[in-house]
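Engineer: sequence plus the predicted model coming up.
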Amino acid sequence: KQEVTQIPAALSVPEGENLVLNCSFTDSAIYNLQWFRQDPGKGLTSLLLIQSSQREQTSGRLNASLDKSSGRSTLYIAASQPGDSATYLCAVSGGQGGKLIFGQGTELSVKP
Amino acid sequence: NAGVTQTPKFRVLKTGQSMTLLCAQDMNHEYMYWYRQDPGMGLRLIHYSVGEGTTAKGEVPDGYNVSRLKKQNFLLGLESAAPSQTSVYFCASSRLRLYNSPLHFGNGTRLTVT
C-alpha cells in the first residue's frame, strides 16, 4: 500500500530564505507526483506536476524534483516571501486505479 | 474563471438528517472527485466519476452516495448523517486521468454533524 510522508510537519523561516520541502513515498511505481498549496479555509491549488519519466519541473520561484528510485521528491522555494505562507501537500498517482495518495502536508510560515 | 464551485460553504446537521453537497465545474473536465479532509488523516477519496453517468467508490465510500447526471455537476449525498462525517469536503476535477493531468479543487464545504 502506497504511503506518502512529508517532514517536517511545520516550518518557519525568515523572509528571503531559500527552503526545501520534502516528500517521500513507499512504492516507486508511480505515474506522477503533484505538489499543491493550501491556504487556510481554501481548497488546494496545483503548483507542479512531475511525470514519472521526468526529473524536475520549474514554475517561477518553485522547483520540484523527483527521484523515483529512492522514493523522494523535493519542492525548492527560492527567495521566500510572506505570501508563500501556506500548507504544501504532495500527492502521488500510481496503482490503485491511478488515484492520488496525499501526504499530510508541511505548514510553512515565512516571517517578514 | 469560476473553475470548481462548491455549495454550500458551511452546514450544520443533526444526526440522522440528510443533505446534498453540490459541485459544479466549468472547465469541461471528464473526471470529478469528492474528498474529505480530516486532521491527522489527510485527504481521502470518497467517490469519483470518469464521465457523465458514471460513478465509482473511492477509499472511504460508506455512508455517502453520488450522482453525475450532467458532465459539469457531481453531487455528494449523505442519507443519514453521523458525527463521524464531520469534516471538510472538497470536490475536484481533472481533464484527463490522474496520471497525466493536474487536479483542480473547489474551496470546500465545512460540515458539522451534532
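Structural biologist: In hand now; what should we look at? Residues are numbered from 1 along each chain as shown, chains lettered A, B, ... in the order given.

Engineer: list the buried residues of stretch B:73-87.
Structural biologist: Of the residues in stretch B:73-87, B:73-76, B:78, B:81, B:85-87 count as buried by neighbour count, 16 or more other CB atoms under 10 Å in any protein chain shown. C-beta: built from backbone N, CA, C; applies to glycine.

Engineer: out of those residues, what pair is the most spread apart?
Structural biologist: Using CB to CB, these reach their maximum pairwise distance at B:Asn73 and B:Thr86, which is 24.5 Å.

Engineer: you'd agree B:Phe74 is in a strand?
Structural biologist: Yes - assigned with DSSP: H, G, I helix; E, B strand; the rest coil, B:Phe74 falls within a strand.

Engineer: could you say which helix or strand holds A:Gln54?
Structural biologist: Counting by DSSP states H and E, there is no helix or strand that carries A:Gln54.

Engineer: for the closest residue to it other than its chain neighbours, give me its contacts.
Structural biologist: Closest residue to A:Gln54 apart from its sequence neighbours, by CB to CB, 6 or more residues apart in numbering or on different chains: A:Leu66 at 6.5 Å. Counting by CB atoms under 8 Å, 6 or more residues apart in numbering or on different chains, A:Leu66 touches A:33, A:50, A:52, A:54-56, A:72-73.

Engineer: closest to chain B out of these?
Structural biologist: Nearest to chain B among these is A:Ser52, at 8.1 Å by CB to the nearest CB.

Engineer: ok so, going back, direction included, what does whatever helix or strand the residue nearest to A:Gln54 lives in pair against?
Structural biologist: Taking DSSP H and E as the definition, A:Leu66 sits inside strand A:62-67. Sheet pairing of strand A:62-67 (DSSP bridges) gives strand A:56-59 (antiparallel), strand A:72-77 (antiparallel).

Engineer: can you pull the pLDDT of the spatially most central residue of chain B?
Structural biologist: Centroid check for chain B by CA atoms, centre = their mean gives B:Trp34 as the closest residue, at 2.7 Å. Per-residue pLDDT puts B:Trp34 at 96.

Engineer: where does chain B have low pLDDT?
Structural biologist: B:1, B:98-100 (pLDDT under 70).

Engineer: all strands for it, in order.
Structural biologist: In chain B, strands defined by DSSP state E lie at B:4-7, B:10-13, B:19-25, B:31-38, B:42-49, B:56-57, B:65-67, B:73-78, B:87-94, B:104-105, B:109-113, listed in chain order.
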